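**Student:** sequence first, then the predicted structure:
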Amino acid sequence: MKLLILGGTEFVGRAVAEAGTARGWRVTVFHRGRHEPPAGVESLHGDRTAGGGPAALAEGDWDLVVDTWSGAPVAVRDAARLLAGRARHYTYVSSRSVYAWPAPAGLAEDGPLVDVADSAADSTGDGPYAEVKRGGELAAEREFGAERVLLARAGLILGPWENIGRLPWWLGRIARGGPVLAPGPRELPVQYIDVRDLAGWLLDAAAAGRTGPYNLVSPPGYATMGGLLEACVKATGSDAELRWTDPEAVLAAGIEPWSGLPVWLPPGELHDAMHRGDVSRALAAGLVCRPVEETVADTWAWLRELGGAAPQRPDRPEVGVSPEQEAAALGH
């Protein structure tokens, strides 16, 4: 199988590349050359934001294309247009953010989408994330034809190579030990997907010719905040003491959900949208999720290999609360 990854050196793209090479596939990654690609892949270089960016893709043919782009939809359009006659199937890694807000609990793939015009596929701007991702979906389907495009609407993604900083922040904080602000309730459900489970499912689904949208995240209630943070304590071997704190007290301390305390959202509309989505279609198509303890332990092992400093995407803000904010919330 000949696989082309548009990206392929960071987080999701890297996991897809490693999953492909592990299968013995011929893997090509198209990237800007800013990061070292995984071993065993062929590299093509280009900047999709520059004039003539995808020129390195002008020759060659592939069975499957996986596109992890999260910027202006025009880059998806241009790559898909260039490859449409030389590749069999196109997977665009989208997001559950494309659903119209507020997304109610249990929303499936047929839910209402963010309202954008068909011209969003030609957008050259990095606008609101939901609109950008929807524009990428439209671009991929227009250039390849919906009958050849898989739309992977991922939710929260965790695991090794994370360059957003969510799980790495929790692991780093808990590794330091002492009293840790643990946002409650402890049994609050958390819905996420390990990047390696996402990558494996994408390749299985693309090889099988699956098309259309799929919500890709673990089943609702698959994990909890308690299970996630306790797994962090166990993996790091820390003496951290998790101080479970009611959502009202966390919010009263001025701490932002999601960005201040990564992954966590208090019960209510935000939580329903992010952590209670319907994934029955992906499960029926073979999605299998590994235990939260494995995701956490492997992410910690990867961080230790790096010396504790996780990579950080320059286009995403750093997450986490300061020691002063945490102490204030704990009443110290």
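**Tutor:** On my side now, so go ahead. Numbers count the residues shown, from 1 in each chain.
**Student:** I'd like the distance between G221 and R148.
**Tutor:** Per C-beta to C-beta, to the nearest Å, G221 is found 34 Å from R148. C-beta here means a position set from N, CA and C on the backbone, and glycine is covered the same way.
**Student:** neighbour-wise, which of the two wins?
**Tutor:** A count of neighbours by other C-beta atoms under 10 Å puts R148 above the other of G221 and R148, at 19 against 13.
**Student:** grab the nearest non-local neighbour of that one.
**Tutor:** Nearest non-adjacent residue to R148, counting by C-beta to C-beta, 6 or more residues apart in numbering: H89, 5.5 Å away.
**Student:** the one you found is in what secondary structure piece?
**Tutor:** If you go by DSSP states H and E, H89 is part of strand 87-95.
**Student:** report the inter-axis angle for whichever helix or strand comes after that strand versus strand 87-95.
**Tutor:** Note on strand 87-95: by DSSP H and E, the next helix or strand toward the C-terminus is helix 129-144. Put simply, helix 129-144 runs at 170 degrees to strand 87-95, going by axes from the mean of the first three to the mean of the last three C-alpha atoms, to 10 degrees.
**Student:** geometric centre of the protein: which residue is closest?
**Tutor:** For the chain, the residue nearest the mean C-alpha position is I157 (3.8 Å; C-alpha atoms, centre = their mean).
**Student:** now it: closest residue in space that isn't a chain neighbour?
**Tutor:** Nearest residue to I157 in three dimensions, chain neighbours excluded: V195, at 5.3 Å (C-beta to C-beta, 6+ apart).
**Student:** neighbours of the one you found, how many?
**Tutor:** By the criterion of other C-beta under 10 Å, V195 has 25 neighbours.
**Student:** identify the bridge partners of the residue nearest to R148.
**Tutor:** Partner residues in beta bridges with H89, using DSSP bridges, are L64.
**Student:** helices of the stretch 101-250 of the chain, start to end?
**Tutor:** Along the stretch 101-250 of the chain, counting by DSSP state H, counting those that start in this stretch, helices occupy 129-144, 166-175, 195-207, 225-236, 247-252.
**Student:** any buried residues in the shortest one, and which?
**Tutor:** Neighbour counts using 16 or more other C-beta atoms under 10 Å place 247, 250 of helix 247-252 among the buried residues.
**Student:** which residues are contacting it?
**Tutor:** With contact meaning C-beta atoms under 8 Å, 6 or more residues apart in numbering, helix 247-252 is reached by 181, 183-185, 257, 261, 266-267, 329.
**Student:** where does this structure have low pLDDT?
**Tutor:** Scanning the chain for pLDDT under 70 picks out the ranges 332.
**Student:** and it, what are its domain boundaries?
**Tutor:** Annotated domains of the chain cover 2-154, 161-190+220-275+290-329 [automatic domain parsing].
**Student:** endpoints of the last one, how far apart?
**Tutor:** This points to domain 161-190+220-275+290-329. Domain 161-190+220-275+290-329 has an end-to-end distance of 30 Å (C-alpha to C-alpha, to the nearest Å).
**Student:** now that domain, how far from the centre of its chain.
**Tutor:** Between the centre of domain 161-190+220-275+290-329 and the centre of its chain there are 16 Å (C-alpha atoms, centre = their mean, to the nearest Å).
**Student:** with the first one instead?
**Tutor:** If you compare the mean C-alpha spot of domain 2-154 with that of the full chain, they lie 13 Å apart, counting by C-alpha atoms, centre = their mean.
**Student:** please apply the same query to stretch 204-216.
**Tutor:** Distance of stretch 204-216 from its chain centroid, counting by C-alpha atoms, centre = their mean, is 16 Å.
**Student:** what's next to it, contact-wise?
**Tutor:** Contacts made with stretch 204-216 from outside it, assessed by C-beta under 8 Å, 6+ apart, are listed as 1, 63-64, 66, 89, 91, 94, 96, 108-109, 137, 146-155, 193, 198, 201, 277-279, 281-282, 285-287.
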